[in-house]
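**Q** Here's a sequence, model it:
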Amino acid sequence: RERRNKMEGGLSKSGVGGPPKPPASQVKQDGGRPGGYKPLDYTRRVGTGQPKRALWWVGGFFVMQYFAWTKRLEIQQEYMQARDEYQEMRHYIRPYLQAEEDRILRILRDRRIERERELMHDVKGWSYDDNVYLTRGAGYISMSNSFSYADLDLDIN
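**A** Numbers count the residues shown, from 1 in each chain. Down below sits the predicted model:
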C-alpha cells in the first residue's frame with residue numbers, strides 16, 4: 001500500500017493530479033488568538049426595494065382618511081353656509097311674522113270681548129276690561145307649533 005500511495009503522488013479521488021500533499025504530521029497551521037475573534041456580520045442589509053405590506057395598508061388608510069376628511073369638511077362648510085343663510089332670512093322676516101301674529105291676536109281678542117259682551121249684557125256693573133281673576137298676570141303665552149291660523153275661520157282682509 002505504501003508503494004501504491006507513493007506512485008499516485010497525491011492524486012485526488014477524481015484522478016486529477018495536484019501538488020503533492022505533505023503528511024499531516026509535518027503541517028503547521030496557525031490558530032486563532034486566545035479568546036477568539038469577534039464574529040463577522042455577514043448579513044445582507046439591503047431591502048427588497050418594496051415597502052412592506054403593512055406599510056402599504058397604513059399608507060392607504062391615511063390617504064383615504066385625508067380625502068374623506070377633506071370631503072366632510074367641504075360638506076360641513078356648505079351646511080354651515082346654508083344654516084347661516086336660513087338664520088339670516090328668519091332674522092329679516094321676523095318683524096313681518098310678528099306683525100301678522102299681532103294682527104291675528106288683536107282680531108281674536110276683539111272677538112272674545114264681543115262674545116263676552118253678548119253673554120254678560122244682563123249683568124249689572126260688568127265691564128269688559130275688569131280682571132275677574134285677582135292675579136298678577138299670566139305673562140306672555142306663545143302659540144305652540146301645532147297651532148294653525150287656518151283653523152280659526154278668520155276674515156282678514
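**Q** Rounded mean pLDDT for stretch 69-87, please.
**A** When the per-residue pLDDT values of stretch 69-87 are averaged, the result is 96.
**Q** Dump it to CSV, restricted to CA.
**A** Extracted C-alpha coordinates of stretch 69-87, given in CSV (Å, rounded to 0.1, in the frame of the first residue of the first chain):
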residue,chain,number,x,y,z
TRP,A,69,-62.0,64.4,6.0
THR,A,70,-61.5,66.9,3.1
LYS,A,71,-64.9,65.9,1.7
ARG,A,72,-66.5,66.0,5.1
LEU,A,73,-65.2,69.5,5.9
GLU,A,74,-66.3,70.7,2.4
ILE,A,75,-69.9,69.4,3.1
GLN,A,76,-69.9,70.8,6.6
GLN,A,77,-68.9,74.2,5.2
GLU,A,78,-71.8,74.1,2.7
TYR,A,79,-74.1,73.1,5.5
MET,A,80,-73.0,76.0,7.7
GLN,A,81,-73.4,78.5,4.9
ALA,A,82,-77.0,77.2,4.3
ARG,A,83,-77.7,77.4,8.0
ASP,A,84,-76.4,80.9,8.2
GLU,A,85,-78.5,81.9,5.2
TYR,A,86,-81.6,80.4,6.8
GLN,A,87,-81.0,82.2,10.1
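**Q** May I see the buried residues of that stretch?
**A** For stretch 69-87, a neighbour-count test (16 or more other CB atoms under 10 Å) marks nothing as buried. Every C-beta, even on glycine, is put in place using the N, C-alpha and C of the backbone.
**Q** give me the low-pLDDT residue ranges for the chain?
**A** Using pLDDT under 70 as the threshold, the predicted model of the chain has low-confidence ranges 1-17, 46-49, 129-157.
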